[in-house]
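Engineer: Just a sequence and a predicted model for now, questions to come.
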Amino acid sequence: MNKEVQNQSGNLEGYSASVPPGLPQPPPPYTVSTIDPVVAQPRAADQNAVLPGSWGPVPPTVPTSASIPIPLVPVPPTNSPQGLQYLSLVDQLLVHQQVELLEVITGFETENKYQIKNSLGQQVYFAAEDSDFCTRNCCGPLRPFDMKIFDNYKNEVIHFYRPLACQACCYPCCLQTIEVSAPPGNPIGSVEQEWSIFYPTFAVKNANGDTVLRIEGPFFTCSCGNDVNFRITSGDGSEEIGKITKQWSGWVREAFTDADFFGITFPMDLDVKMKTVLLGGLFLIDMMFYETKQNNNRRR
C-alpha cells in the first residue's frame, strides 16, 4: 500500500498504515477529549463523545469520598480563648530570655524579654515584663511584675501577674504565686507555691481554685553543665505528665548574664488553659530561682 498523508485524520506525514506481519499493530486513531482537572470528567462539549471501541457516550465521573482531600493539619478547637488556639497543636514550647546589653554593661536590672518558640525554633509568642525601676533593683527576684504575652501580630493574648511575696520556708503564709489571664482580664488559673522545706512544690489551679496539676522541683535547683528538671504531675502527684526544664546555656551566658533557656513539655490533648497556666509557672520558676543578682554583685 502506498504511503499517504492524512493530516486531517491525525496521522503523521510519511506514516504507513500497513505494518509488516509479526509486529504489533498500531491502535486505531482517536481523538483525546479534554478532561476537566477539577471534577475529572469530560467537559460539556464532550459529554456525548464516543471513543473507538466503546459502546456509547462516556458516563460522567461522580466524585467519591476517596477523591476528597483530607486535611493533614488538625483544626484547633473553637472554644479556645482568643490567641491560644495554637497551643492545642503543640506539646512542647521553648522559652529563651534575651540578653539585655544595658544590663550587662551597667549592672542595673532591666525589664526581661523572652521569645517563646515551638520545637522547630519558630517564634509563636513574645513576652515582655512590665515593672518599675525601683522594684527591679531593690527587690530583685522577689519583685512584683506584670508579664504581657503577645502573638506575632503584637496582640496581647495572655497576661501574668505576680504580686510581691516572700519565698522563704519560714513564712508559710506569704508564698509566691502568679495569676494567669487569657485574654487579659479573664482569669483562667494560677500557680501557687506550697510550703515545703526540702523540695519546691507548686499547685496548678484552674479558674475555680481547684488543684488540677502539680509542679515538683529537685532538691538542688542549680547545676553546673546539666539541665534542671521540674516535674509536672497529676493533681494527686501519682503520674508525671510533663516537665519544665532549665536548660544549660553555656558557661559564658550562665556566668555573666541571667538570660536563661527553658523548655516545657505537656500532653498534646491537655486543655489549652492549663497549658497557659503551666507557662505562667515557668516564668515564676525563672524569677524565683534563676533571676540572680550577679550584676549587683559585680557593682560591689
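Structural biologist: Nice, thanks for sending it over.

Engineer: start to end distance for stretch 90-109?
Structural biologist: One end of stretch 90-109 to the other measures 33 Å (Cα to Cα, to the nearest Å).

Engineer: Sorry, slip of the keys, the one I care about is stretch 142-157.
Structural biologist: One end of stretch 142-157 sits 25 Å from the other (Cα to Cα).

Engineer: got the contact list for that stretch?
Structural biologist: The contact list for stretch 142-157 (Cβ atoms under 8 Å, 6 or more residues apart in numbering) reads 81-84, 116, 123-131, 135-136, 158-167, 182-184, 279-280, 283, 287. Where you see a C-beta, it was placed from the backbone N, CA and C, and this is true even at glycine.

Engineer: Please apply the same query to stretch 92-103.
Structural biologist: Residues contacting stretch 92-103 (Cβ under 8 Å, 6+ apart): 108-110, 112-119, 121, 124, 127, 253, 257-266, 279, 282-283, 286, 295.

Engineer: Which residue, other than its chain neighbours, is closest to E239?
Structural biologist: Excluding its sequence neighbours, the residue lying closest to E239 (Cβ to Cβ, 6 or more residues apart in numbering) is T233, at 6.2 Å.

Engineer: how about the strands of the stretch 51-200 of the chain, start to end?
Structural biologist: Here the stretch 51-200 of the chain has its strands, by DSSP state E, counting those that start in this stretch, at 92-97, 113-117, 123-130, 145-150, 156-162, 177-181, 187-194.

Engineer: For those, give me CSV that also has mean neighbour count.
Structural biologist: Converted to CSV, these look like this (neighbours: other Cβ atoms under 10 Å):
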stretch, mean neighbour count
strand 92-97, 20
strand 113-117, 18
strand 123-130, 17
strand 145-150, 19
strand 156-162, 21
strand 177-181, 22
strand 187-194, 21
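
Engineer: N206 is nearest to which of those?
Structural biologist: Shortest distance between N206 and the strands of the stretch 51-200 of the chain, using Cβ to Cβ, is found for strand 187-194: 4.9 Å.

Engineer: Could you point out the helix or strand that follows that closest one?
Structural biologist: Downstream of strand 187-194, the first helix or strand assigned by DSSP states H and E is strand 201-206.

Engineer: quick one: that following strand to strand 177-181, angle?
Structural biologist: Orientation check (axes from the mean of the first three to the mean of the last three Cα atoms, to 10 degrees): strand 201-206 against strand 177-181 gives 20 degrees.

Engineer: Send over strand 201-206 as PDB, restricted to the C-alpha atoms.
Structural biologist: Written as PDB, here are the backbone C-alpha positions of strand 201-206 (Å, rounded to 0.1, in the frame of the first residue of the first chain):
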ATOM      1  CA  THR A 201       6.400  22.400  95.000                       C
ATOM      2  CA  PHE A 202       3.600  24.300  93.300                       C
ATOM      3  CA  ALA A 203      -0.100  23.800  92.900                       C
ATOM      4  CA  VAL A 204      -1.500  24.500  89.400                       C
ATOM      5  CA  LYS A 205      -5.100  25.600  89.800                       C
ATOM      6  CA  ASN A 206      -7.900  26.400  87.400                       C
END
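
Engineer: Run me through the strand neighbours of that strand, direction for each.
Structural biologist: Applying DSSP bridges, strand 201-206 is found paired with strand 187-194 (antiparallel), strand 211-216 (antiparallel).

Engineer: would CSV of those with distance to V228 be doable?
Structural biologist: Formatted as CSV, the strands paired with strand 201-206 follow (distance: least, Cβ to Cβ, whole Å):
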stretch, distance to V228
strand 187-194, 17
strand 211-216, 12
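
Engineer: Can you lay out the strands of the stretch 51-200 of the chain as CSV showing distance to K273 and mean pLDDT?
Structural biologist: Putting those into CSV (distance: least, Cβ to Cβ, whole Å; pLDDT from 0 to 100) gives the following:
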stretch, distance to K273, mean pLDDT
strand 92-97, 15, 94
strand 113-117, 17, 95
strand 123-130, 15, 95
strand 145-150, 14, 96
strand 156-162, 10, 96
strand 177-181, 8, 96
strand 187-194, 4, 95
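
Engineer: Redo these as JSON lines? Include distance to T201.
Structural biologist: Converted to JSON lines, the strands of the stretch 51-200 of the chain look like this (distance: least, Cβ to Cβ, whole Å):
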{"stretch": "strand 92-97", "distance to T201": "21"}
{"stretch": "strand 113-117", "distance to T201": "24"}
{"stretch": "strand 123-130", "distance to T201": "24"}
{"stretch": "strand 145-150", "distance to T201": "22"}
{"stretch": "strand 156-162", "distance to T201": "18"}
{"stretch": "strand 177-181", "distance to T201": "13"}
{"stretch": "strand 187-194", "distance to T201": "5"}
